[in-house]
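> A predicted structure for the sequence below; I have some questions about it.
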Amino acid sequence: MTQQLLMIEDDNRLAAMVGDYLRQSGYEVTHAPDGMSGLEALDHSEPDLVILDLMLPDMDGLEVCRRIKSRGTRGEKSSVAVLMLTAKGDPMDRIIGLEIGADDYLPKPFEPRELLARIRAVLRRGAELSTPSGSTILHKVMRFGTLDIDRDARVVSLAGVPRELTSYQFDLLVAMAERAGRVLSRDQIMEAVRGRELEAFDRSIDVHMGRIRSAIEVDAKDPKRILTVRGVGYVFARQQD
């Protein structure tokens, strides 16, 4: 089944060029020239991923991202992935975007091939595992005290209560948990999740770690599970309550 992409971008020339490139790569692409038309498009269909420019003529792209992520049912965040297009050298927009649930970012100007790689990585991380009817699934659940990480179901729970993480944050947590007790630099964490080196933006890892701590720690200000190692990176504690 062809995966659906929605590109919210006011630069029509860029949108046409990128759209043609992504269609040639096997995706179905819809273009919305501003935030409001993009949100209206989401009322009629739910794409697999939204490519969102933060500089839009009618509303702040960050506000569009907030609205996209709040469109889920039963009080849950929307499962639609968001890849932000940000201004080169403006880290604050990236930090805020990641904090409100964006799955990845790409600074402008960018190579279409890198955009394609980022799209594939985000969709791959968020893909739900499916098995033939009647088959038996052996769930790979990692348990650390009251924290359960179900890699197959992609669910994190604390004392039996599901905790909310983005797809990327879930993968970061799994990468850390699989290497429990090892001190990892930010570059090593990014490499473990992405499978290849991309732009090193240390602060984005720090933002994600803050969000993960808020979800899995009893007290995020006094973490016991994910510990900071000054000047190096992070370590996921082996022994937990």
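Done, it's in. As the structure is a prediction and not an experimental result, all values here were calculated from the model.
> gap between the helix or strand of the chain with the lowest mean pLDDT and the chain center?
Least confident helix or strand of the chain, by mean pLDDT, DSSP states H and E, is helix 91-99 with a mean of 71. Distance, stretch centre to chain centre, for helix 91-99: 12 Å (CA atoms, centre = their mean, to the nearest Å).
> For that helix, output the C-alpha coordinates as CSV.
Provided in CSV are the C-alpha atoms of helix 91-99 (Å, rounded to 0.1, in the frame of the first residue of the first chain):
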residue,chain,number,x,y,z
PRO,A,91,18.3,25.6,17.1
MET,A,92,15.5,27.0,19.3
ASP,A,93,12.7,26.2,16.8
ARG,A,94,14.1,22.6,16.6
ILE,A,95,14.2,22.3,20.4
ILE,A,96,10.6,23.6,20.8
GLY,A,97,9.4,21.4,17.9
LEU,A,98,10.9,18.3,19.4
GLU,A,99,9.4,19.2,22.8
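> And the contacts of that helix?
For helix 91-99, contacts defined as CB atoms under 8 Å, 6 or more residues apart in numbering pick out 54, 61-62, 65, 82, 84, 86-87, 105, 107, 201, 203-204, 207-208, 211. From N, CA and C alone the C-beta is placed, and that goes for glycine too.
> now stretch 213-225
144, 147, 156, 158, 163-165, 169, 173, 210, 226, 236-237, 240-241.
> redo that, cut-off 6 Å
147, 158, 163, 165, 226, 237, 240 (CB atoms under 6 Å, 6 or more residues apart in numbering).
> And those, which of them are buried?
Neighbour counting with 16 or more other CB atoms under 10 Å marks 147, 158, 163, 165, 226, 237 as buried within the contacts of stretch 213-225.
> for this structure, what spans make up the strands?
For the chain, strands defined by DSSP state E occupy the ranges 4-8, 28-32, 49-53, 81-87, 104-108, 141-144, 147-150, 155-158, 161-163, 183-185, 226-229, 233-236.
> Tell me the helices and strands packed up against the first one.
The reference is to strand 4-8. Strand 4-8 makes packing contacts with strand 28-32, strand 49-53 when contacts are defined by 3 or more CB pairs under 6 Å, 6 or more residues apart in numbering; DSSP states H and E.
> in its sheet, what does that strand sit against?
Using DSSP bridges, strand 4-8 pairs in its sheet with strand 28-32 (parallel), strand 49-53 (parallel).
> can you list the domain ranges for this protein.
Following automatic domain parsing, the chain resolves into domains at 4-126, 141-236.
> Give the rounded mean pLDDT of the last one.
This points to domain 141-236. If you average the pLDDT over domain 141-236, you get 84.
> how close does residue 117 sit to residue 106?
10 Å (CB to CB, to the nearest Å).
> Nearest residue to residue 211 in space, please, no chain neighbours.
Nearest residue to residue 211 in three dimensions, chain neighbours excluded: residue 169, at 5.8 Å (CB to CB, 6 or more residues apart in numbering).
> burial count for the one you found?
Here the number of neighbours of residue 169 (other CB atoms under 10 Å) works out to 21.
> what's the answer for residue 109, then?
Residues near residue 109, counting by other CB under 10 Å: 8.
> pLDDT score for it?
pLDDT at residue 109 comes out at 87.
> need the contact list for the spatially most central residue of the chain.
A centroid search over the chain (CA atoms, centre = their mean) returns residue 103, at 2.3 Å, as the residue closest to the centre. For residue 103, the contact set (CB under 6 Å, 6+ apart) comprises 81-82, 122, 166-168.
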